[in-house]
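S.K.: need a structure here:
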Amino acid sequence: MRILLTGKGGQVGHELRHALAPIAEVIAVGTHDCDFTDADAIEALVSRVKPHVIINPAAYTAVDKAESEPDRAAAINATAPGVLAKQAQRLDALLIHYSTDYVFDGTQSTPYTEADRTNPQSVYGATKLAGETAIQQQGARHLILRTSWVYGIHGQNFPKTMLRLAAERETLNVVADQWGAPTSASLLANVTAQLLSQPITAAQSGVYHVSASGRTNWHAYACRVIERARALGWPLKVAAQAVNAIPSSAYPTPAKRPPSGCLDTTKFQETFGIHLPSWDSEVDAFVNALHAERETTR
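M.R.: Numbering: from 1, shown residues only. The predicted model follows:
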């Protein structure tokens, strides 16, 4: 099996390279290999590789910056996935694409199913939804995996930032009125590898919600990360009671965030028989891995 993997330098792309290497020939590309704002360059890349599977974690993910760069965000998040889907259809290849909880407005009190109405509130969310539509219009075999609050060992992200700040400051303020499920890049990569171990039919094409199970808010998430690191002996300045819960109104951002990004993953788990672990067990494993990496570099 030959796989074309985009976004090799990103959090998910980095983990996918490791997870897929034992099961396939992986041709991984990043921003220096192909300009994802150039449709012709994308077409030429796919024609050259002739993959059996295209996996596309590449995305414009700077949520706030997208508000001032809507055209670039749209080129990467909306147009490029459509081009990949067109080429997948031509080659009879499977396309696996990753999307986001930001396609919803976040006002629903229960976890979102795939059938719930989308209503993005940001340029990022709108362009990711447009990418989903572009893929579906091409008729290729495809899996669109919506996820939430992605973090990983590779790259910068929320838990790494919390640990850095906790080592520098005696108090932290963290938003407590936005809810979701932190989902590790390694979980997404492992799930993708499991998907490729079974035949994916045209009838299974569609949108699926894939995130760690359970729910939390950013404040509780930060506390979990800090408490786990402290238990492992990290020299942190901030005290547990000094992580202050604040409303999102106290931390305004250019892009509006969904108050709830909780996703119902029932359809995915029942269709493919793949278990999704709890967010807190994944976060603990992440901090453990960071600790092991830290110890080996001492």
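S.K.: And the helices in this structure?
M.R.: 11-20, 39-49, 70-74, 80-91, 123-138, 158-168, 185-195, 218-231, 266-272, 279-296 (DSSP state H).
S.K.: what's in contact with stretch 182-195?
M.R.: Under the contact criterion Cβ atoms under 8 Å, 6 or more residues apart in numbering, stretch 182-195 has outside partners 11-12, 14-16, 18-20, 23, 55, 57, 96, 98, 143, 145, 147-154, 158-159, 210-212, 216, 221, 272, 274, 276-277, 279, 282-283, 285-286. C-beta here means a position set from N, CA and C on the backbone, and glycine is covered the same way.
S.K.: Make a PyMOL selection of the buried ones in these.
M.R.: Selection of buried members from the contacts of stretch 182-195 for PyMOL, criterion 16 or more other Cβ atoms under 10 Å:
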select buried, resi 11+12+14+15+16+19+20+55+57+96+98+143+145+147+148+149+150+151+152+153+154+158+159+210+211+212+216+221+272+274+276+279+282+283+286
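S.K.: Quick one: low-confidence residue ranges for the stretch 51-200 of the chain.
M.R.: Judged against pLDDT under 70, the stretch 51-200 of the chain has no low-scoring part.
S.K.: before we move on, back to that, with distance to Ala242 as new columns, can the helices of the chain be given to me in JSON lines?
M.R.: Formatted as JSON lines, the helices of the chain follow (distance: least, Cβ to Cβ, whole Å):
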{"stretch": "helix 11-20", "distance to Ala242": "29"}
{"stretch": "helix 39-49", "distance to Ala242": "48"}
{"stretch": "helix 70-74", "distance to Ala242": "37"}
{"stretch": "helix 80-91", "distance to Ala242": "43"}
{"stretch": "helix 123-138", "distance to Ala242": "32"}
{"stretch": "helix 158-168", "distance to Ala242": "9"}
{"stretch": "helix 185-195", "distance to Ala242": "29"}
{"stretch": "helix 218-231", "distance to Ala242": "10"}
{"stretch": "helix 266-272", "distance to Ala242": "38"}
{"stretch": "helix 279-296", "distance to Ala242": "19"}
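S.K.: Which of the ones you listed sits closest to Ala250?
M.R.: For Ala250, the closest of the helices of the chain is helix 218-231, at 11.9 Å, according to Cβ to Cβ.
S.K.: what mean pLDDT does the closest one have?
M.R.: Taken as a whole, helix 218-231 has a mean pLDDT of 96.
S.K.: what's the angle between that helix and helix 279-296?
M.R.: Here helix 218-231 runs at an angle of 40 degrees relative to helix 279-296 (axes from the mean of the first three to the mean of the last three Cα atoms, to 10 degrees).
S.K.: Sort out which residues of helix 218-231 are buried, please.
M.R.: For helix 218-231, by 16+ other Cβ under 10 Å, it's Trp218, His219, Ala220, Tyr221, Ala222, Cys223, Arg224, Val225, Ile226, Arg228, Ala229, Arg230.
S.K.: Among the helices of the chain, single out whichever gets nearest to Gly106.
M.R.: Comparison of the helices of the chain against Gly106 by Cβ to Cβ identifies helix 123-138 as nearest, at 9.6 Å.
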